[in-house]
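> pasting the structure only:
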């Protein structure tokens, strides 16, 4: 028995299938891409491919798939953070929105600060690993009040490293629906800790796990059967949306992710997260003390 | 190959050890979680706001912002710190909740003094008085808090806290009831407490003596009501048993 097993294993290794779900001998250098297991160095490329292909109709697909609810989540997220330089303050806030290619969170945060607190000074860096998504964001930026303003900057950056961002330089680190695509989530969180100033806040909006089993069943049925189909019909790209659904399922649940944030060194308030729509998405908060 | 069939299987079956006699958990070792965990940053902020800024600025967002700045942090970016996984979703609501929990936890300071009192009723009055007087530093702004507590969205949370308070007071006063009186005592006390607080808002007497006597009257009402209830219960049970016996005796005559 063991003889056959070994031969099998060697066989898999020699032909090195990248999309195999069966066991491979090199667990330490493998990671998951949706339900597939791929070598770690490839995931970045694969994720890039997914988002390059969805960039142009990213928002329309989000609207269709979440029935518009993602806008409410993002709005709630921005209002919850409630950031903005106060009129009597002299020090502007420095925002960093990671994986925020199309810029909706970035513009939302700046709008909130401007409209609620009259903040016209705080700066925003939008970082994304994907140049196509950034182009989409820069294009949209032209129709906002921040067009051609030095306050907003689009940077192509790997969220796990953030080479261009100095240590202790940001007040607010946000990441919305991005962190589950990281190859090494913990490295991303550690980097967030590195770039934040002491007293800075880390805020993450991400899909999570529905805790009610009945609702979870409905949600899973919806996401696995209908979403890839919609992707195929509307964006003509089934595989990308299949990946999105699978990556959501693979992402750690609320408690695990909160403990990963703690692990990175953050102080996590309360139980660490707030569920949105029964836990389909969740907001996680961490404070660097 | 020797162990075949049922005998063989019996030989390899793992032997279950008898349950170990050491219990991993015992209630004596159970440490009660503190009413307010002061090691938490948000509670430190609320505590600072409550003691330093609420008496001046009321139950407002401003008090919390001032407290954050007072702790050398920036209120500009820490808005998201509150309402994450706590019971209430608003900073001001949390500040009010902090007041309620803080004053409730404060009651445990008075156990020695209360121990000298003889009756349960006297102890209840004593704790109620102490709890009402804890409102004094912030009484100027307490209407803000009460107004928020009765909003339909917040009512449930704050009613739970009110029940926790009346539960603590009855427990500290040595309540031994194990029948329906357990509930009625707590409900009645909650009612008396809310009435006294409302009375207190308009009280202008020095040291809130009018509020204290109002509260004493309400607690006496509960005592009277309890006596009336018990008497009615006794009367009903006696008559019920008599009726059953009467019927039995009539039936036995044939």
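Happy to help now that I have it. Note that the structure is a prediction, hence the values are computed from the model and not measured.

> What is the least confident helix or strand in chain A?
Ranked by mean pLDDT, DSSP states H and E, the weakest helix or strand in chain A is helix A:2-15, scoring a mean of 42.

> List, one by one, the residues from the stretch 51-200 of chain A near chain B.
Within the stretch 51-200 of chain A, the positions lying close to chain B (Cβ under 8 Å from any Cβ of the partner chain) are A:80-86, A:89, A:91, A:93, A:171-172, A:199-200. Where C-beta positions appear, they are placed from N, C-alpha and C, glycine not excepted.

> Switch the residues you listed over to JSON lines; also include neighbour count and pLDDT.
Converted to JSON lines, those look like this (neighbours: other Cβ atoms under 10 Å in any protein chain shown; pLDDT from 0 to 100):
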{"residue": "A:80", "neighbour count": "20", "pLDDT": "89"}
{"residue": "A:81", "neighbour count": "26", "pLDDT": "89"}
{"residue": "A:82", "neighbour count": "22", "pLDDT": "87"}
{"residue": "A:83", "neighbour count": "28", "pLDDT": "89"}
{"residue": "A:84", "neighbour count": "25", "pLDDT": "88"}
{"residue": "A:85", "neighbour count": "22", "pLDDT": "89"}
{"residue": "A:86", "neighbour count": "17", "pLDDT": "86"}
{"residue": "A:89", "neighbour count": "16", "pLDDT": "83"}
{"residue": "A:91", "neighbour count": "12", "pLDDT": "87"}
{"residue": "A:93", "neighbour count": "25", "pLDDT": "92"}
{"residue": "A:171", "neighbour count": "23", "pLDDT": "93"}
{"residue": "A:172", "neighbour count": "26", "pLDDT": "94"}
{"residue": "A:199", "neighbour count": "17", "pLDDT": "90"}
{"residue": "A:200", "neighbour count": "27", "pLDDT": "92"}
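
> quick one: which of the residues you listed is nearest chain B?
Proximity of these to chain B (Cβ to the nearest Cβ) peaks at residue A:82, which lies at 3.1 Å.

> now the residue nearest to that closest one when sequence neighbours are not counted: how far from residue B:94?
Of all residues not flanking residue A:82 in the chain, residue B:79 sits nearest, at 3.1 Å (Cβ to Cβ, 6 or more residues apart in numbering or on different chains). Here the distance between residue B:79 and residue B:94 works out to 12 Å (Cβ to Cβ, to the nearest Å).

> Now do the closest residue to residue A:210 other than its chain neighbours against residue A:223, distance only.
Spatially, and ignoring its direct neighbours in sequence, residue A:210 is nearest to residue A:216 (4.0 Å; Cβ to Cβ, 6+ apart). Separation of residue A:216 from residue A:223 (Cβ to Cβ): 10 Å.

> which one of those two has more residues nearby?
Shown here are residue A:216 and residue A:223; by other Cβ atoms under 10 Å in any protein chain shown, residue A:223 has more neighbours (19 against 15).

> Please read off the pLDDT at the residue nearest to that one when sequence neighbours are not counted from the model.
Using Cβ to Cβ, 6+ apart and skipping the chain neighbours, the partner closest in space to residue A:223 is residue A:245 (4.9 Å). According to the prediction, residue A:245 has pLDDT 88.

> for residue A:184, same thing?
91.

> Check residue A:148 too.
We note a pLDDT of 85 for residue A:148 in this prediction.

> Check residue A:160 too.
The predicted local confidence for residue A:160 is 90.

> Looks to me like it is in a strand.
No. With DSSP: H, G, I helix; E, B strand; the rest coil as the criterion, residue A:160 is assigned coil and is not in a strand.

> And for it, the neighbour number?
Around residue A:160 there are 18 residues (other Cβ under 10 Å).

> Now do the strands in chain A.
In chain A, the segments counted as strands under DSSP state E are A:30-33, A:36-39, A:94-98, A:123-128, A:152-156, A:170-176, A:196-207, A:273-276, A:281-287.

> Nearest to residue B:223 among those would be which one?
Residue B:223 lies closest to strand A:273-276 among the strands of chain A, at 45.3 Å (Cβ to Cβ).

> Any idea which residue is closest to the centre of chain A?
Residue closest to the mean C-alpha point of chain A, counted by Cα atoms, centre = their mean, is residue A:178 at 1.1 Å.

> Do I have it right that the residue nearest to residue A:223 meets residue A:225?
No. Look at residue A:245 against residue A:225 with Cβ atoms under 8 Å: they stay out of range, at 9.6 Å.

> For the two, indicate the residue with more neighbours.
Higher neighbour count among residue A:245 and residue A:225: residue A:245, with 22 against 10, using other Cβ under 10 Å.

> ok, the more buried one - contacts?
A:34, A:223, A:224, A:227, A:228 (Cβ atoms under 8 Å, 6 or more residues apart in numbering or on different chains).

> Quick check: closest non-adjacent residue to residue A:251.
residue A:180 (4.2 Å).

> Isn't that neighbour up against residue A:247?
Yes. Using Cβ under 8 Å, residue A:180 is in contact with residue A:247, at 5.2 Å.

> ok, then the element right after the one helix or strand residue B:102 maps to?
Using DSSP states H and E, residue B:102 maps to helix B:91-106. Sequence-wise, the next helix or strand downstream of helix B:91-106 (DSSP H and E) is helix B:111-115.

> which helices and strands does that next one pack with?
Where contact means 3 or more Cβ pairs under 8 Å, 6 or more residues apart in numbering or on different chains; DSSP states H and E, helix B:111-115 is packed against helix B:120-133.

> In the residues of the stretch 51-200 of chain A next to chain B, find the pair that's most separated.
Checking those with Cβ to Cβ, the most distant pair is A:80 and A:91, at 22.3 Å.

> Would you map the helices across the chain?
Unless you meant another one, I'm taking chain A. Assigned by DSSP state H, the helices in chain A fall at A:2-15, A:40-54, A:58-66, A:69-81, A:104-117, A:131-141, A:185-195, A:213-221, A:227-230, A:238-250, A:254-263.

> Oops, wrong one, chain B.
Secondary structure of chain B (DSSP H): helices located at B:5-12, B:41-48, B:54-57, B:61-70, B:91-106, B:111-115, B:120-133, B:142-149, B:152-172, B:181-201, B:209-253.

> so who does residue A:109 touch?
Listed by Cβ under 8 Å, 6+ apart, the contact partners of residue A:109 are A:78, A:81, A:83, A:95, A:97, A:124, A:172, A:174.

> what's the closest non-adjacent residue to the third one?
Spelled out, that is residue A:83. residue B:77 is the one closest to residue A:83 (Cβ to Cβ, 6+ apart), at 4.9 Å.

> wait, the one you found sits on residue A:200?
Yes. Assessed by Cβ under 8 Å, residue B:77 is found in contact with residue A:200 at 6.6 Å.

> Touching both of these two, which residues are there?
Both residue B:77 and residue A:200 are contacted by A:171, A:172, under the criterion Cβ under 8 Å, 6+ apart.
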